[in-house]
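> structure for this input, please:
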Amino acid sequence: HETTEYSGSQITTSTQGVTVGTVEITDAGTITDLNVAVNLANSSVSNALYYISLTLQSPYGTSVVLGEGDGVSSTSPYWQSDAGSSLYNTIFDDEASSSIYDGTPPFVGSYIPDELLSAFDSESMTGTWELVLYTRESNDITIDWSLEIEFDNSIVSEPPYFGVEYSGSQITTSTQGVTV
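Next comes the predicted model:
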């Protein structure tokens, strides 16, 4: 087993909606363990985590929610209004001893994410990974992040087949919510 760290592109936003950071991995290998390091800074409000969600998406299309606030999810557990506004040297790690929702701001150390990162095990690490930030409020947010991937040369699982791709009409919005 080898372990390598891959730095993602910085995410910055001051508006509500979705912002995506990416990391392109050209190395080959089969994932045996994956952790996500996050530094999230917010200079706008004292409870930014209440209004956001963070999701990691693999090149296969597998998505794992790292954490989300009560302001964007009604499914418990979640970050409540007293969860603070930052993540500092926060490591999302399935093998941690406590949930991200049981931590204390600014969540220094290792925490179990909302959904398990083991969903990526046996996938190929090659391709474009995305960290998706959704924020319900207009806050000044900056995220620096990286993936720590333990891998070997075993046979990878087959990527899912999503069928034929069809083009649809453009979706636009000028208010909170979605317009179709």
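> low-scoring stretches of this protein, by residue?
162, 171-180 (pLDDT under 70).
> how about the strands in it?
Secondary structure of the chain (DSSP state E): strands at 2-7, 11-13, 17-25, 30-42, 52-57, 63-68, 87-92, 109-111, 127-135, 141-152.
> looking at those, which is closest to Gly168?
Among these, the nearest to Gly168 by CB to CB is strand 17-25 (17.5 Å). All C-beta spots, glycine's among them, are computed from the backbone N, C-alpha and C.
> roughly how far is stretch 152-160 from the heart of the chain?
22 Å (CA atoms, centre = their mean, to the nearest Å).
> got the CA positions of it in PDB?
Only the C-alpha atoms of stretch 152-160 are listed here, as PDB (Å, rounded to 0.1, in the frame of the first residue of the first chain):
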ATOM      1  CA  ASP A 152      -2.600  -0.500  -4.200                       C
ATOM      2  CA  ASN A 153      -2.600  -2.200  -7.600                       C
ATOM      3  CA  SER A 154      -5.500  -4.500  -7.100                       C
ATOM      4  CA  ILE A 155      -8.300  -4.800  -9.700                       C
ATOM      5  CA  VAL A 156     -10.600  -1.800  -9.600                       C
ATOM      6  CA  SER A 157     -14.400  -2.000  -9.500                       C
ATOM      7  CA  GLU A 158     -16.100  -1.200 -12.800                       C
ATOM      8  CA  PRO A 159     -17.500   2.300 -13.100                       C
ATOM      9  CA  PRO A 160     -21.200   2.500 -13.100                       C
END
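> list of residues touching it?
Here stretch 152-160 makes contact (CB atoms under 8 Å, 6 or more residues apart in numbering) with His1, Glu2, Ala28, Gly29, Thr30, Thr32, Pro59, Tyr60, Gly61, Ser122, Glu123, Ser124.
> of those, grab the buried ones for ChimeraX.
Remark: buried members of these, expressed as a ChimeraX selection using 16 or more other CB atoms under 10 Å:
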select :29,30,32,59,60,123,124
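> from the contacts of stretch 152-160, pick the one nearest Ile52.
Gly61 (22.0 Å).
> got the contacts of stretch 152-160 as TSV, with distance to Asn39 columns?
Shown next, in TSV, are these (distance: CB to CB, whole Å):
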residue	distance to Asn39
His1	26
Glu2	25
Ala28	28
Gly29	26
Thr30	28
Thr32	25
Pro59	24
Tyr60	26
Gly61	26
Ser122	29
Glu123	25
Ser124	27
